[in-house]
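Trainee: structural data only, the sequence is not supplied:
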């Protein structure tokens, strides 16, 4: 971990390069350091995945409304202050990415950070 999942209204694809956002957020996660200069998250565990919703209803259902939901799952062990720093760093990148659309499209964005112990965690890798 961390695993960042982005769910968004499919109508956003015509206005935004979500692959660029994924790369930007991944880079942010792997570059974050704690107060001692250590990486906050392991490089090999970092995942950023984005999924467009082809069917959606946002607010009053007007077709131009766009919603982006980011959910970051992390393992326990970081201070609340460090988790807040992570959240602010991610939101700064999201804001910079969507700034060109500000005022042009009605976009709402939510970021949740969930921390939890896995009940079961299985892993497999080819390399």
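Mentor: Arrived safely, thanks for sending. Worth saying up front: this structure is predicted, and the values here are computed from it rather than measured.
Trainee: am I right that residue 73 is in a strand?
Mentor: Yes: counting by DSSP: H, G, I helix; E, B strand; the rest coil, residue 73 is part of a strand.
Trainee: now the nearest residue to residue 50 once chain neighbours are set aside: which helix or strand?
Mentor: Counting by C-beta to C-beta, 6 or more residues apart in numbering, residue 6 is the residue found nearest to residue 50 once chain neighbours are left out, at 4.0 Å. (Each C-beta comes from the backbone N, C-alpha and C, glycine too.) Assigned by DSSP states H and E, residue 6 belongs to strand 3-9.
Trainee: buried residues in the helix or strand following that strand, which are they?
Mentor: Remark: after strand 3-9, the chain's next helix or strand is helix 18-31, criterion DSSP H and E. By 16 or more other C-beta atoms under 10 Å, the buried positions in helix 18-31 come out as 18, 21, 22, 24, 25, 26, 28, 29, 30.
Trainee: contacts only, for the third one.
Mentor: Right, residue 22. 6, 48, 49, 50 (C-beta atoms under 8 Å, 6 or more residues apart in numbering).
Trainee: how many other residues sit next to the residue lying closest to the third one once chain neighbours are set aside?
Mentor: Right, residue 49. Counting by C-beta to C-beta, 6+ apart, the nearest residue to residue 49 once its immediate chain neighbours are dropped is residue 5, at 5.4 Å. For residue 5, the count of nearby residues is 15 (other C-beta atoms under 10 Å).
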